[in-house]
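Participant: pasting the structure only:
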């Protein structure tokens, strides 16, 4: 069940942690599915024509380690570090 926070200007739809998207790319605890400002969609679902929209990007889901991925600060430029839900990434200067 989507929870809706709404006033005369803003409408925000939020999924509960264990609802809908449960794959590995994003943290399940911050799932803002859509945002409308004065009736205009600001953020929504990545693909509107999909049979299963829970397999694609939505709103402002939290991404693991978006600011400081695990191991990034510990590796040298050119080394690899893990990004949860993505895989290995190479550090560039």
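Facilitator: Received it, and whenever you're ready, just let me know what you need. The model shown is predicted, which means the values in this text are computed figures rather than measured ones.
Participant: give me the low-pLDDT residue ranges for this protein?
Facilitator: Across the chain, the stretches falling below the confidence threshold (pLDDT under 70) are 22, 24-28, 46-50, 52-59, 61-66, 85.
Participant: now with 50, please.
Facilitator: Within the chain, no stretch falls below the threshold (pLDDT under 50).
Participant: quick one: the strands in it, in order.
Facilitator: 3-6, 10-14, 26-37, 40-43, 60-63, 80-83, 87-90 (DSSP state E).
Participant: list the strands paired with the first one, with their directions.
Facilitator: Sheet pairing of strand 3-6 (DSSP bridges) gives strand 10-14 (antiparallel).
Participant: what residues sit buried inside the strand it pairs with?
Facilitator: Of the residues in strand 10-14, those buried by neighbour count under the rule 16 or more other CB atoms under 10 Å are 11-14. Bear in mind the C-beta positions are built from the backbone N, C-alpha and C, glycine included.
Participant: what angle sits between it and strand 26-37?
Facilitator: The directions of strand 10-14 and strand 26-37 differ by 160 degrees, with axes from the mean of the first three to the mean of the last three CA atoms, to 10 degrees as the criterion.
Participant: Provide the contact partners of strand 10-14 at residue level.
Facilitator: The list of residues contacting strand 10-14 from outside it, by CB atoms under 8 Å, 6 or more residues apart in numbering, reads 2-6, 31-37, 59.
Participant: of those residues, buried ones?
Facilitator: A residue is treated as buried here by neighbour count (16+ other CB under 10 Å); on that basis the buried members of the contacts of strand 10-14 are 31-36, 59.
Participant: tell me the one of those nearest residue 51?
Facilitator: Nearest to residue 51 out of the buried ones among the contacts of strand 10-14 is residue 33 (CB to CB; 17.5 Å).
Participant: separation between the closest one and residue 67?
Facilitator: According to CB to CB, to the nearest Å, residue 33 and residue 67 sit 22 Å apart.
Participant: not counting its neighbours along the chain, what's nearest the residue of the chain positioned farthest from its centre?
Facilitator: Within the chain, the residue lying farthest from the chain centre (CA atoms, centre = their mean) is residue 76, at 27.7 Å. The spatial neighbour of residue 76 that comes closest, neighbours along the chain excluded (CB to CB, 6 or more residues apart in numbering), is residue 91 at 7.1 Å.
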